[in-house]
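**Student:** test case, fold it:
(chains A, B, C, D, E and F)
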Protein chains: 6
Amino acid sequence: MKLSARNILPGKVVAVTRGVTTSHVKIEIATGYVVTASITNEAVDALGLAIGKPATAIIKSSDVIVGVD
Amino acid sequence: MKLSARNILPGKVVAVTRGVTTSHVKIEIATGYVVTASITNEAVDALGLAIGKPATAIIKSSDVIVGVD
Amino acid sequence: MKLSARNILPGKVVAVTRGVTTSHVKIEIATGYVVTASITNEAVDALGLAIGKPATAIIKSSDVIVGVD
Amino acid sequence: MKLSARNILPGKVVAVTRGVTTSHVKIEIATGYVVTASITNEAVDALGLAIGKPATAIIKSSDVIVGVD
Amino acid sequence: MKLSARNILPGKVVAVTRGVTTSHVKIEIATGYVVTASITNEAVDALGLAIGKPATAIIKSSDVIVGVD
Amino acid sequence: MKLSARNILPGKVVAVTRGVTTSHVKIEIATGYVVTASITNEAVDALGLAIGKPATAIIKSSDVIVGVD
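**Tutor:** Presented below is the predicted three-dimensional model:
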């Protein structure tokens, strides 16, 4: 499936922290570049997310803030 | 300023496409890794964003979707 | 690709309104149910979105507000 | 109240899963169409959300991603 | 309608800047406090937004980032 | 750091409610004006958020919905 989201960053799961309803998943998209996603436990289970598995971080352009020093 | 957003990706502006109210800004965060942000023209001007300038892409974890093949 | 987003609503494009940088795309997900998406023109082109084409509206659970009368 | 959000999908609550701070609420907007919302427990209580109660899923157009196969 | 969104800030429209598809609306919620919203032109028209009219800024808690100096 | 987000509301933390993975933080931005943020526990710890500490609520314009009565 092709997505309208302009930011599609493939990588590998390096951490899954599970709460009662919400999990935080960390995906290493390049050496030293880790993206954190906050998703439902239901999604973690449906996707079989676990450390070491390939996964892609997907981000809509309208959700990106820009900062300058 | 420290931010609660867990994804702070510093890089360099490689493109600015300006609409009437909304601009699309592309930030290269590593060689071959470009993040697109959709922001207000007002912000582009306030931050002085232009090709070649340093800029950081900031993304809240709750805005990251995870995909698996 | 399987997505963590819990709301995956397949349908058909019924309108595309194009601005200078941003387009509004309407997808009919069932008779009388139309979902509007605001996406980049770049995405409209990359996905070849046009009236009558199949398309899916994808929404993260954390982006859904609940209202009661 | 009229809302700028272009996606207003009325339905009925079919599930409420409660975590320590965050709940997941499922709203059936049509037969076989269920939308999941991740909201604060505080909101669940303030709105009196419970299975069988009418509720509306509200989604801003800029939060909708489009996918095509 | 009661909303799950925890941030409901009533005020008055002080500016509407219209693009081809997207408008930026500024709402003064208290003296010196102005909130900017990026919404569809379709919504501006449907709500009859114009300078001086009462309007409410509505923000989901999961869309608020926290910063500290 | 200057941010593209158009809504930067400085204030003081008045409540922190901690879940297993996600916390809700309330920031009073003016007398009687409290903004609620849903953020990761990891961020609460990294920023040292606690009642009475100064903190700023940051909101992207594309995350603001407008309502009218």
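**Student:** number of residues surrounding A:Ile58?
**Tutor:** For A:Ile58, the number of neighbouring residues by other CB atoms under 10 Å in any protein chain shown comes to 26. The way it works is simple: take the backbone N, C-alpha and C, and place the C-beta from them, glycine included.
**Student:** actually A:Ile51, not the one I typed
**Tutor:** Taking other CB under 10 Å as the criterion, the count of residues near A:Ile51 is 11.
**Student:** quick one: secondary structure of it?
**Tutor:** The three-state assignment at A:Ile51 reads coil, by DSSP: H, G, I helix; E, B strand; the rest coil.
**Student:** show the contacting residues for it.
**Tutor:** Under the criterion of CB atoms under 8 Å, 6 or more residues apart in numbering or on different chains, the neighbours of A:Ile51 are A:13-16.
**Student:** can you tell me which of those residues is nearest chain D?
**Tutor:** Closest approach to chain D among the contacts of A:Ile51 (CB to the nearest CB): A:Val16, at 16.0 Å.
**Student:** what sits against that closest one?
**Tutor:** Taking CB under 8 Å, 6+ apart as the definition of contact, the neighbours of A:Val16 are A:23-26, A:44, A:49-51.
**Student:** what pLDDT does A:Glu42 get?
**Tutor:** For A:Glu42, the model assigns a pLDDT of 97.
**Student:** partner strands of the lengthiest strand in chain A and their direction?
**Tutor:** Among the segments of chain A that qualify as a strand by DSSP state E, the longest is strand A:7-18. According to DSSP bridges, the neighbouring strands of strand A:7-18, each with its direction, are strand A:22-30 (antiparallel), strand A:54-59 (antiparallel).
**Student:** now those strands in TSV, with mean pLDDT?
**Tutor:** Below are the strands paired with strand A:7-18 laid out as TSV (pLDDT from 0 to 100):
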stretch	mean pLDDT
strand A:22-30	97
strand A:54-59	98
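**Student:** just put these in a markdown table and tack on distance to E:Ser38.
**Tutor:** Conversion of these to a markdown table gives the following (distance: least, CB to CB, whole Å):
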| stretch | distance to E:Ser38 |
| --- | --- |
| strand A:22-30 | 27 |
| strand A:54-59 | 17 |
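**Student:** follow-up on the earlier one: and the contacts of A:Val16, which of them are buried?
**Tutor:** Among the contacts of A:Val16, the ones that count as buried by 16 or more other CB atoms under 10 Å in any protein chain shown are A:23-26, A:44, A:49.
**Student:** closest to chain D among those residues?
**Tutor:** The shortest approach to chain D among these belongs to A:Ser23, at 10.6 Å (CB to the nearest CB).
**Student:** please name the nearest non-neighbouring residue to A:Ala37.
**Tutor:** Spatial nearest neighbour of A:Ala37, chain neighbours left out: B:Val64 (3.6 Å); criterion: CB to CB, 6 or more residues apart in numbering or on different chains.
**Student:** hang on, I meant A:His24
**Tutor:** Spatial nearest neighbour of A:His24, excluding adjacent residues (CB to CB, 6+ apart): A:Thr17 at 4.5 Å.
**Student:** per-residue pLDDT of that neighbour, please?
**Tutor:** A:Thr17 is assigned a predicted lDDT (pLDDT) of 97.
**Student:** picking that back up, max pairwise distance over the buried ones among the contacts of A:Val16: which two?
**Tutor:** Maximum pairwise distance in the buried ones among the contacts of A:Val16, criterion CB to CB, is 12.3 Å, between A:Lys26 and A:Val44.
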